[in-house]
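S.K.: Would you be able to build a 3D model of this:
(one chain, ligands or ions: 1)
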Amino acid sequence: MNNNSNSDSNLRLDHIAIAVNSLEEALPFYEGLGLTRLEIEVVEDQGVRVAKLDIGNTHIELLEPLSAETPVGKFISQKGPGLHHICIGVANIEDNLCQLKSRGTKMINETAKIGAGGAKIAFVHPKATGGVLLELSQPQAE
Ligand code: ZN
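M.R.: Got it, this is the predicted structure:
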């Protein structure tokens with residue numbers, strides 16, 4: 001993993017996350033487009049209810065804040081509903097965090113946390129990514 005290849009096949013677009021006020025209000029549009037709802041999960045650690053929608057080789061996640069005090073709740077009160085983050089799936093998140101740390105990358109999470117579906121996740125600060133909140137995710141081993 002420690003090379004400069006720009007075609008690392010272990011990387012993929014894991015999901016795009018959209019902050020919404022209410023899953024029940026937002027879901028009919030996406031389901032009406034033909035996307036299949038896979039599950040709705042409460043992730044207490046991130047302060048969200050997550051609806052995961054299948055869209056071929058990736059997912060769309062709708063994020064409903066559990067309260068106004070959560071990160072997504074604050075995001076919505078400051079910016080309104082909208083694109084919240086994109087997530088890149090990685091094979092070994094500890095390797096990525098090590099590399100980012102050695103480069104002095106501004107992080108939101110210096111160490112991995114457990115996210116939806118038991119994945120190991122960490123967020124990179126938008127200041128380091130060109131202005132977009134970026135999540136790294138290593139899926140739970142099957
Ligand atoms: Zn995410």
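
S.K.: can you count the residues close to N96?
M.R.: When neighbours are counted by other Cβ atoms under 10 Å, N96 registers 20. For every residue, glycine as well, the C-beta is placed using N, CA and C.

S.K.: give me the element it is part of.
M.R.: helix 93-102 (DSSP states H and E).

S.K.: on contacts alone, who are the packing partners of that helix?
M.R.: Counting contacts by 3 or more Cβ pairs under 8 Å, 6 or more residues apart in numbering; DSSP states H and E, helix 93-102 is packed against strand 120-124, strand 134-138.

S.K.: The first one and the ion in contact?
M.R.: No - taking Cβ under 5 Å from the ion as the criterion, strand 120-124 and the ion are apart, separated by no less than 6.8 Å.

S.K.: I'd like a version of the helices and strands packed on helix 93-102 in a markdown table, one that adds mean neighbour count and mean pLDDT as further columns.
M.R.: Formatted as a markdown table, the helices and strands packed on helix 93-102 follow (neighbours: other Cβ atoms under 10 Å; pLDDT from 0 to 100):
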| stretch | mean neighbour count | mean pLDDT |
| --- | --- | --- |
| strand 120-124 | 21 | 97 |
| strand 134-138 | 21 | 97 |
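
S.K.: Tell me the buried residues in stretch 32-46?
M.R.: L35, V43, Q46 (16 or more other Cβ atoms under 10 Å).

S.K.: Closest to A119 out of the residues you listed?
M.R.: Distance to A119, by Cβ to Cβ, is smallest for V43 among the buried residues of stretch 32-46, at 10.1 Å.

S.K.: Next up, the contacts around the nearest residue to that closest one once chain neighbours are set aside.
M.R.: Excluding its sequence neighbours, the residue lying closest to V43 (Cβ to Cβ, 6 or more residues apart in numbering) is A116, at 5.1 Å. Neighbouring residues of A116 by Cβ atoms under 8 Å, 6 or more residues apart in numbering: E41, V43, Q46, V50, K52, E61.

S.K.: so how far is the ion from the closest residue to L97 other than its chain neighbours?
M.R.: Nearest in space to L97, with sequence neighbours left out and distances taken as Cβ to Cβ, 6+ apart, is A122 at 5.9 Å. Going from A122 to the ion by Cβ to the ion, to the nearest Å gives 11 Å.
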